[in-house]
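> What would the 3D arrangement of this be:
(one chain, ligands or ions: 1)
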Amino acid sequence: MKYDPATRIQELKQFGEFGGVNPSITDSSTYTFLQAHDMEDTFHGHAEGCFLYSRHWNPTNKYLADALAAMDDTESAWVTSSGMAAITCALLQLCKSGDHVITSVTTYGGTYAFLKNWLPKYNIEVSFVNISDIEGIRKAIQPNTKVIYTESVTNPLLQVSNIPVIAKLAHVNGIQLMVDNTFSPMIFSPKVLGADVVVYSMTKFINGKNDCVAGAICASKKFIDDLSNVNDGTAMLLGPVLDPIRSSSILKNLNTLHIRMQQHSKNALYLAQQLEAVGLNVRYPGLKIHPDYELHTSLMNKYFGYGGIFAIDLKTVEIAEQFMQGIQDKGVGYLAVSLGYFKTLFSLSGKSTSSEIPKDVQKEMGLSEGLVRFSVGLDHNIEKIFELIKLVLEDLKLIR
Ligand SMILES: *Cc1c(COP(=O)(O)O)cnc(C)c1O
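Sure thing, here's the model as predicted:
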């Protein structure tokens, strides 16, 4: 066992105001000060345990942030109103005009668009690299490089980042490593592996109910304090704070994450193996033919498997669309973007979540236009789900 994120969360003692087993919800934007000088101290960031204003800190958000910090073994965390808010605030906290960022070319589409189209407007230079090519990352480093950015498991090709090796390379050059762990909470502990800042879209597996959009930043106490500093903290000043009522519901869902990840992984592995066995081109890091199978196996925590996402390459948009329509009609799940839901979701990556990435770049990174990404649900009878998928494959003459 490398790290046990589930037990760390369960060991927390978080109670409600009147001994409730769930922490209380503080639905207040502002807080009274019993002593006048406490207000001044809080503004200067000195008054421990005092709350000032909910864009800065809210007690309910603090409970969720503490649980996320425990999950990822970081000193602190901050919760945001979306995954993109977490990514953009953390990046803007780490770099300023004139700085340089190195990023994996395969990232979530919104992240790619931010790095490609938005940061350059503010004179922040970005280099796109193949994150598996360590020599390529080394060559991309410049004197003004401040951040190396990647996803533990990249979207949608499920390439695994070698976090320990990249972290070492970053640190000897005075660079911070930032990792989006949205696809693999609990499976990977990026900070334990060497990352400095870990970000999440909690919209996905962590919340797991597709009833809200939310995000998180897990990092050192200093980084989170700087981020929420009233004078120049990016999160405090841009203001994408999570609503405390939503924090409370996400915290309850976080407490079942370890069981859900096990079931997502178990179901995804089963489907990936069966689809591979009938001759499809399947991308899943839990299959021995996946180029990063060994790397994933060596870095993952025990118990949570290889994750709930896999992709199959059906070559053309037309076939992929017929296939998705067919399996939706049969009741396999929903044709929808997003992931980490209790129902199976599927979408055409090139036309949806990766559509911000130009066609030629998609081709270069190996993202075929017929690539269908699956986020496998918590189905109890996954064998039946496979039989339904098989019927559609037979109908379309994709298998015999
Ligand atoms: C969805 C997603 C995001 C963006 O998160 P939102 O909550 O939609 O803002 C970022 N990274 C990855 C890997 C994602 O899947």
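
> Return the nearest residue of this structure with respect to the ligand.
Nearest to the ligand in the chain, going by C-beta to the nearest ligand atom, is Gly83, at a distance of 2.3 Å. Just so you know, the C-beta spots here come from the backbone N, C-alpha and C atoms, and that holds for glycine as well.

> Next, the contact list for that residue, please.
Tyr108, Asp180, Thr182, Val199, Tyr200, Ser201, Met202, Thr203, Lys204, Val213, Ala214, Gly215 (C-beta atoms under 8 Å, 6 or more residues apart in numbering).

> Name the helix or strand for the residue lying closest to the fourth one once chain neighbours are set aside, please.
In other words, Val199. Nearest non-adjacent residue to Val199, counting by C-beta to C-beta, 6 or more residues apart in numbering: Ala86, 4.5 Å away. Assigned by DSSP states H and E, Ala86 belongs to helix 83-94.

> what mean pLDDT does that helix have?
Averaged across helix 83-94, the pLDDT comes to 98.

> Which of the residues in the worst-scoring helix or strand of the chain on mean pLDDT are classified as buried?
When each helix and strand of the chain is scored by mean pLDDT, DSSP states H and E, helix 359-364 comes last, with a mean of 76. Neighbour counts over helix 359-364 (16 or more other C-beta atoms under 10 Å) mark Val361, Gln362 as buried.

> residues in contact with that helix?
So helix 359-364 is contacted by Val105, Gly350, Ser354, Glu369 (C-beta under 8 Å, 6+ apart).

> so how far is stretch 255-269 from its chain's centroid?
Here stretch 255-269 is found 15 Å from its chain centre; the criterion is C-alpha atoms, centre = their mean, to the nearest Å.

> scratch that, stretch 91-105 is what I was asking about
19 Å.

> So this protein: which segments form each domain?
5-254, 257-395 (automatic domain parsing).

> give me the number of residues near the nearest residue to Thr344 once chain neighbours are set aside?
Among residues not flanking Thr344 along the chain, Gly333 sits closest, at 3.0 Å (C-beta to C-beta, 6+ apart). Using other C-beta atoms under 10 Å, Gly333 has 23 neighbouring residues.

> what does Trp78 give?
30.

> Double-check it against Ala214; I have them as touching.
No - taking C-beta atoms under 8 Å as the definition, Trp78 is not a contact partner of Ala214, at 11.7 Å.

> Quick one: name the residues of this protein near the ligand.
Contact residues (C-beta under 6 Å from any ligand atom) of the chain with the ligand: 82-84, 108, 110-111, 151, 155, 180, 182-183, 201, 203-204, 213, 215.

> Quick check: mean pLDDT of the helix or strand harbouring Pro164?
Secondary structure from DSSP H and E places Pro164 in helix 163-172. Across helix 163-172, the average pLDDT comes to 98.

> Report all helices and strands that that helix contacts.
helix 134-140, strand 145-151, strand 176-180, helix 190-193 (3 or more C-beta pairs under 8 Å, 6 or more residues apart in numbering; DSSP states H and E).

> Flag the shaky bits of the stretch 1-150 of the chain, pLDDT-wise.
Along the stretch 1-150 of the chain, segments meeting pLDDT under 70 span 1, 45-48.
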